[in-house]
Every structure is written in structure tokens, then in C-alpha cells.
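Q: Here's a sequence, model it:
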Amino acid sequence: GGNMHGTFTLDSYTGKLYLAKPLDFESTSLYRLNVTASDHGTPPLSTVIPFEINVLDSNDNPPTFPPGDTVKQITEGVGLNTVIATVTATDPDSGSNGDIRYSIASQVPQGDQFAVDATTGEVMTNAVIDREFASTFDITVRATDQAIPASERRHAFKTITVIVSDVNDNNPLFVSPDAVAIVPSASNGDVVLNVVAEDPDEGTNGEVRYTETSGNVNQFDISQTTGAVTLAQALNPSQTFYTLVVTATDQGPGRRSSTSEITFFVASTSNNGPAFSRSSYSGNVRENQPVGTSVTSVRASYPDGHSATIEYYITSIRSGANSVGRYFAIGRTTGRITTGVELDREEGYDSFTLEVYVVDKSSSTPRTRATQVTITLEDENDNAPLFDADYRDVTVPEDLPSGGLVTTVVANDADVGSNAVILYSIVSGDDGKFRVDSDTGEIRTTGLLNREQSPTHSITVQASDGQQASTIDVNIALTDVNDNAPQFLRPVYSFDIREDAAMNSEVDFVSATDADEGSNA
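A: Residues are numbered from 1 along each chain as shown. Below you'll find the model as predicted:
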């Protein structure tokens, strides 16, 4: 373009060319001017020289995504590297200023289930997708231009909501006890156990039905829908033990099922069974130990020393007021208590109370006794501190004083005690302008800021418990304050005016610039 919009002005005496209006590479990247030099002779002579001005791009535009929500649906168990969406951002800047790279800014719930191709914007699965872990994911993709230096790079964000549909990939899991003490006075129709099997699948995939498969099926009835086991006939006075094999089947495609053998025994009213060696027992076990890890042992015998065939049964496992699953098992003849599952203290349970029975199998009449076992679940440092997001955008004024508070980042660690002591540090992007309090996570300035020199800053803060760590990117944008005076483009202006020029006629114009922005400029 030429100079039709008055973008440039020329000093007619010195020949110096000045910028009169701001340039915008995106609207005009090349100006072709004709500069005329003329004398004042008679006749006046002149010459014209063409003059080209190439405008260099500055990174004055952030990437932008198309507006609107992006919602995708996938099926759990979909293969790795399956593309679920493609995001595309545009940037009108040129060169590296308009070259866009994509990254995952955050995922809720946190994890590594998804990744994005840095150049194509294809969002794909990066790990096994399990609906039972999360039925919905919110993935925030960051588009970043590649301006140099990196502190000048600009960003845009796009959130993709991923809905995970269920498949019938879980068997029902029995959580009710596999041993039950029946009071001798129980009669027909009395409920002696509520069988519970849980299926984490959705809808009919997780709808469970119960049936008797084998054992003393004539002695008991079971509700197909509730799992309530009732006595179908009177107890046999000469029989102490009964068994019942129950099958739990879901109603989804493929009808997945599990079976459990349940032992029923008649408890003695006089508590006349073998005596335990202690009035109560206790034990400790660390979380995450493999199934079958030994916790403690119980032992019972008759005080007079006579021999008997005895067996041990766990009839109840509770944590506080809650009945929990089959977290522990007991050796029928040894009394050794072991873990029945891999325990996780962060599930909310840190202690358990077990009701353990000893039964004299060699007696013709019920001879039983019960005791309590308390088990404490000890913590391991198996959780990293986690921030509530992977990034944070913060805006502060450029005249924030030295030591001024920028923001506070807080991470939480699900562990306890020394395993949950968190220390904060800046691990990247530190240009000496900021510091973080290692204990509180407060981010403060170390000196004065200047928007005109660096309008944005980005630092990465790490939260560490000494063994595990996570990070958060803190993007700091500075808002302008009116701290710069306007500057004229020339130190001296001079003009030629005809002596007969009319009042208010245009002589020329002067121009000034201001490094501030908005109304401050």
C-alpha cells in the first residue's frame, strides 16, 4: 500500500521519514512509497525515488479456537491412540509467531488417559479408558504460538468433554461375609443373611440377581433381587454347620457372574466354646500389601486341655459404623488373619474391627465363642501432592510492589503424617522476578515489574512430599498502569506556511507515541 492513510510523514527539509500511525502487519505488511525531491529553481526540478517498507511481524495476536462446546462420546476399553477429536486453532501472525503447538493443559479428573498431537491437534487415548474410574472427562487443550523469546508466547484454551459409555466388563463382587453365626432360636422365615454382590457397571450391566446353586438349598431361600437369605425350614438340633453356594449374575450382555460359598453355623447361647488366648486382638498392616499378607493370629483352646477339632470364621468386618467387604481372611484351622484384598488407606478406611468365631466341630451340640480383632491400616507414601488444576492464569498490575502477592498455589496430599508434608519450589521459567514460599505456596514478586518490557511471565511451581511431586504452570499477565509519558516522534518540527493561508487550514501534523496501552496511551 501507499501512504493514503497517512501512516508515514516526511520532514521536507531533512528528508527523514517518520511513522505517524501504528503499523499492523496483519492488515498491511508492505508499503510502496514514492518520495519526491524538488528544488526551488526556475523552473523547479525534481526527481522521484520508489521506497519500499517491509513491516516485520510482532506477536500481537494470540491463537484462537472456534467458539462453541466440544462434546465427544467414546466406549470404555477403546484402544490406545484412538483419535477422539481434532482441535484447530488459528493465529494471524507470521512465522514462529503464528506457528502453533498443542498440549494438554489439564484433565479432570487428573490422569494421563488422553494426549494430543503437538502439531495436528489430534486428541487421542493414551491409557486404558475405564468408565468405572470416571464416566466423564474434561480435557483442556492449550494452543501456544512459538514466538521467540518463549516469554512472549501467547496461548488459547479449548475444553473437550468426553462422555464414556459403559460396557459389561465387570463381574459382580461379593462383599457380604462368607460365614454367618445363626442364633439357635431362629425360625422359618427369619432373615439370617443379606447377600450383597456389587457390580460397578451401569444400568442392566450392574443389575445383580441372586440364585442358590448348591449346598443346603432346602434349608434356605434367597431373594433374587435383594439377596436376603431366609430359613426355609427349622434348624436341625443335631446339625451345627450348613453351606450354601450363591451365584450373583448381572443382567447385561453376556450375563457375567460370580459364585460364593457361604458357611452357616449355629452359635451357642452359653458361649461355651474353646476360650481365646486373649480377650481381644490387634494387628497392623501397611496399605498396598499383596493379598495374603499376614496381619495377626488368634488362638483358642479348652482350659482343661481336652482335644477338639476347632475352626475359625470371620463373621463381620467393619470400619467405624460401616460394614465393608471381604478385606480379610482367616485360616480355618490356623487362626492366621491375612489380607483378602490389596488395601488402600486413601479409600477412607484406616482401621477395621473383625468379629471372629471359634467353633468346636467335634461337638454334637453347638459350642462357639467370639472375639474382636482390631486392625490398623498404616500409611505408605503412595500419593503425590496434587494441585486442583494443571495451570493457573493470573493477572496483576505492573506496579505491584516488590514482595507483593501474585497468587497462592495449594496442593493436597492424600497421605498422612510426614508422607503429606509438602514443599513448594519454582522449577522452571524463573527469571528472578518471582519467588514461592516453600511452606505456604505464596508466589510473590522479588522486584519491580514492567509491562512494557515483558507483558507476561510463566513459571512452573512444583509441590513435593520428598518422594513424589506434581507441578502447576502459573501464567502471569501484567495489566498496564500509566507510567510512561508520550514521546514525540521528532525532537523538532518545522513547517512552511503560505502567508495567505486561511485560518484553520491544515499546516502539517505532529505525532507522539506512548508505550502504555488503552486509555493510558
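Q: Sketch out the strands for the stretch 351-500 of the chain, chain order is fine.
A: 351-360, 368-378, 386-387, 391-397, 405-408, 411-412, 423-428, 434-436, 442-445, 456-464, 469-479, 487-488 (DSSP state E, counting those that start in this stretch).
Q: S165: which of those strands is closest?
A: For S165, the closest of the strands of the stretch 351-500 of the chain is strand 386-387, at 27.3 Å, according to C-beta to C-beta. Backbone N, C-alpha and C define where each C-beta goes, glycine included.
Q: Which one of the strands of the stretch 351-500 of the chain lies nearest to Y13?
A: Closest to Y13 of those is strand 487-488 (C-beta to C-beta; 16.6 Å).
Q: Tell me where the stretch 101-250 of the chain has strands.
A: Taking DSSP E, counting those that start in this stretch as the criterion, the stretch 101-250 of the chain contains strands spanning 114-116, 122-125, 136-145, 155-165, 173-174, 179-182, 191-194, 197-198, 208-215, 220-222, 228-231, 241-250.
Q: what would these look like in CSV with mean pLDDT, mean neighbour count and distance to D430?
A: Below are the strands of the stretch 101-250 of the chain laid out as CSV (pLDDT from 0 to 100; neighbours: other C-beta atoms under 10 Å; distance: least, C-beta to C-beta, whole Å):
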stretch, mean pLDDT, mean neighbour count, distance to D430
strand 114-116, 97, 21, 26
strand 122-125, 97, 19, 31
strand 136-145, 95, 20, 19
strand 155-165, 96, 18, 19
strand 173-174, 97, 18, 49
strand 179-182, 98, 20, 61
strand 191-194, 97, 17, 59
strand 197-198, 98, 18, 49
strand 208-215, 97, 17, 55
strand 220-222, 97, 19, 66
strand 228-231, 98, 18, 64
strand 241-250, 97, 20, 54
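Q: closest one to I104 among those?
A: Comparing the strands of the stretch 101-250 of the chain by C-beta to C-beta, strand 114-116 comes nearest, at 5.5 Å.
Q: which strands and helices sit next to that closest one?
A: Secondary-structure packing of strand 114-116 (3 or more C-beta pairs under 8 Å, 6 or more residues apart in numbering; DSSP states H and E): strand 100-108, strand 122-125, strand 136-145.
Q: Mind listing the strands the first one pairs with, and their directions?
A: The partner list of strand 100-108 in its sheet, established with DSSP bridges, is strand 136-145 (antiparallel).
Q: how long is stretch 325-339 end to end?
A: By C-alpha to C-alpha, to the nearest Å, the extent of stretch 325-339 from end to end equals 11 Å.
Q: Over to stretch 489-505?
A: Stretch 489-505 has an end-to-end distance of 23 Å (criterion: C-alpha to C-alpha).
Q: Give me the contacts around it.
A: By C-beta atoms under 8 Å, 6 or more residues apart in numbering, the list of residues contacting stretch 489-505 from outside reads 9, 11-13, 16, 18-20, 507-508, 510-513.
Q: can you rerun that using 6 Å?
A: Y18, V507, D508, V510, S511 (C-beta atoms under 6 Å, 6 or more residues apart in numbering).
Q: and the first one, that's in a strand?
A: Yes. Applying DSSP: H, G, I helix; E, B strand; the rest coil, one finds Y18 inside a strand.
Q: distance of it from E207?
A: In this view, Y18 and E207 are 80 Å apart by C-beta to C-beta, to the nearest Å.
Q: Out of the contacts of stretch 489-505, which two sit at the greatest distance?
A: Between any two of these, the greatest separation by C-beta to C-beta is 15.9 Å, found for Y18 and V507.
Q: who has more neighbours, these two?
A: Y18 (14 against 11; other C-beta atoms under 10 Å).
Q: who's in contact with the more buried one?
A: T9, L489.
Q: Quick check: bridge partners of it?
A: T9.
Q: Give me the spatial nearest neighbour of the spatially most central residue of the chain, chain neighbours excluded.
A: Nearest to the mean C-alpha position of the chain, counting by C-alpha atoms, centre = their mean, stands Q110 at 1.7 Å. Nearest residue to Q110, sequence neighbours excluded (C-beta to C-beta, 6 or more residues apart in numbering): L386, at 6.2 Å.
Q: hmm, back to that, minimum distance to P44: which of the helices and strands packed on strand 114-116 has it?
A: strand 136-145 (51.5 Å).
Q: and the residue nearest to Q110, bridged to which residues?
A: Here L386, judged by DSSP bridges, has bridge partners N412.
Q: Can you give me the distance of it to E378?
A: Distance from L386 to E378, by C-beta to C-beta: 22 Å.
Q: Kindly report the same for P177.
A: The gap separating P177 from E378 is 25 Å, by C-beta to C-beta.
Q: neighbour-wise, which of those two wins?
A: Neighbours per residue, other C-beta under 10 Å: of P177 and E378, the larger number sits with P177, 23 against 14.
Q: any chance you could map the helices in the stretch 1-150 of the chain?
A: Applying DSSP state H, counting those that start in this stretch to the stretch 1-150 of the chain gives no helices.
Q: still on that earlier bit, which of the contacts of stretch 489-505 sits closest to G441?
A: The closest of these, once distances to G441 are taken by C-beta to C-beta, is S511, at 47.5 Å.
Q: From what I see, that closest one and A20 are in contact.
A: Yes. Shown here, S511 and A20 form a contact pair, counting by C-beta atoms under 6 Å, at 4.7 Å.
Q: Put together a markdown table for the strands of the stretch 101-250 of the chain, with distance to G518 on each row.
A: Converted to a markdown table, the strands of the stretch 101-250 of the chain look like this (distance: least, C-beta to C-beta, whole Å):
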| stretch | distance to G518 |
| --- | --- |
| strand 114-116 | 34 |
| strand 122-125 | 36 |
| strand 136-145 | 23 |
| strand 155-165 | 21 |
| strand 173-174 | 62 |
| strand 179-182 | 76 |
| strand 191-194 | 69 |
| strand 197-198 | 60 |
| strand 208-215 | 64 |
| strand 220-222 | 75 |
| strand 228-231 | 72 |
| strand 241-250 | 63 |
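Q: out of those strands, which comes closest to V298?
A: Here strand 179-182 is closest among the strands of the stretch 101-250 of the chain (C-beta to C-beta), at 14.0 Å.
Q: Starting from the closest one, tell me which strands it pairs with and how they run.
A: Strand 179-182 is paired, per DSSP bridges, with strand 257-266 (parallel).
Q: Other residues contacting the strand it pairs with?
A: Strand 257-266 is contacted from outside by 171-172, 174, 178-180, 182, 184, 240-249, 359, 366, using C-beta under 6 Å, 6+ apart.
Q: the inter-axis angle of it versus strand 368-378?
A: Inter-element angle recorded for strand 257-266 and strand 368-378: 130 degrees (by axes from the mean of the first three to the mean of the last three C-alpha atoms, to 10 degrees).
Q: Buried ones in strand 257-266, by neighbour count?
A: S257, S258, S260, I262, T263, F264, F265, V266 (16 or more other C-beta atoms under 10 Å).
Q: wait, which of these is closest to P63?
A: S258 (51.6 Å).
Q: In the sheet, which residues pair with the closest one? Tell me.
A: Here S258, judged by DSSP bridges, has bridge partners A248.
Q: For T247, see how far away it is.
A: 7 Å.
Q: And for T395?
A: Shown here: T395 relative to T247, a distance of 61 Å by C-beta to C-beta.
Q: Repeat that for N34.
A: Look at N34 and T247: by C-beta to C-beta, they are 94 Å apart.
Q: next one: T407
A: Distance, T407 to T247, by C-beta to C-beta: 57 Å.
Q: still on that earlier bit, now for the helices and strands packed on strand 114-116, which one comes closest to S425?
A: Relative to S425, the nearest member of those by C-beta to C-beta is strand 100-108, separated by 20.8 Å.
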